[in-house]
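>>> Turn this into a structure:
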Amino acid sequence: MDFYTTFVGFFQEGGPFMYPIAVVMGIGFAVALERFLFLVRETHCNKTDYEKILPLLKAKKLRELAEITRQSSSPIARIVADGLNRMRSSRRRQDIESAMEEGLLEALPKIERRTPYLATFANIATLLGLLGTIIGLIAAFTAVANADPAEKASLLSQSISIAMNTTAFGLMVAIPLLLVHSLLVSKTSSIVESLEITVVKFLNLLEEKSEG
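Residues are numbered from 1 along each chain as shown. From the prediction side, this is the model:
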């Protein structure tokens, strides 16, 4: 209860700029949660399909492989399906690779979507905090100029303390958003790398089959 009372007092003393920072925080963490859940699900689906696809590909069971890719909507299954579809019209490695790379490029926007917004939200929160502090300091110095000389020091220190609340709140929002952004970028890179590895493995195993 004491923490809640302290936080409410801290928020109210910060002035009007605390509200837009709170809005940025709400939107930022909503995007972060949505992206985290999406990337965790994509990672799980890709891993599951990869474990199904690789043995079939090594065994050259292309018919069963095509059936697996039709039943799944994961990026890795769609990319492999693009390669299998191109094989029907051309057996050249370059043509199959082009089809799979096209599938990879189509999958990337969905995987990388909205993650860069988090860094932007963090910067906005920081700048709003600084702007609120500057405007608060301007108001504080204006008020002190007309105050009684004996009260100027205490009034100024109190006003500055309140004005600093917006910078503190802005940083409290920005730092977690930047940390979450780094985590999501890492997970995104891991998914993209797994898709690229799948393309290479698919092509190499097909080439081994052709040579055999």
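
>>> where does Phe29 land on pLDDT?
Note on Phe29: pLDDT of 95.

>>> What is the neighbour count of it?
If you count neighbours by other C-beta atoms under 10 Å, Phe29 ends up with 16. In short, each C-beta sits where N, CA and C put it, glycine included.

>>> chain center to whichever strand or helix holds it, what's the gap?
Using DSSP states H and E, Phe29 falls within helix 18-58. Centroid separation for helix 18-58 versus its chain: 8 Å, with C-alpha atoms, centre = their mean, to the nearest Å.

>>> Pull out the buried positions in the very next helix or strand once past it.
Note on helix 18-58: by DSSP H and E, the next helix or strand toward the C-terminus is helix 62-71. Neighbour-count burial for helix 62-71, counted by 16 or more other C-beta atoms under 10 Å, picks out Leu65, Ala66, Ile68, Thr69.

>>> Same question for stretch 168-178.
Neighbour-count burial for stretch 168-178 [16+ other C-beta under 10 Å]: Phe169, Gly170, Leu171, Val173, Ala174, Pro176, Leu177, Leu178.

>>> Now secondary structure and pLDDT too, for those, in JSON lines please.
Formatted as JSON lines, the buried residues of stretch 168-178 follow (DSSP: H, G, I helix; E, B strand; the rest coil; pLDDT from 0 to 100):
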{"residue": "Phe169", "secondary structure": "helix", "pLDDT": "91"}
{"residue": "Gly170", "secondary structure": "helix", "pLDDT": "92"}
{"residue": "Leu171", "secondary structure": "helix", "pLDDT": "93"}
{"residue": "Val173", "secondary structure": "helix", "pLDDT": "94"}
{"residue": "Ala174", "secondary structure": "helix", "pLDDT": "96"}
{"residue": "Pro176", "secondary structure": "helix", "pLDDT": "95"}
{"residue": "Leu177", "secondary structure": "helix", "pLDDT": "96"}
{"residue": "Leu178", "secondary structure": "helix", "pLDDT": "96"}
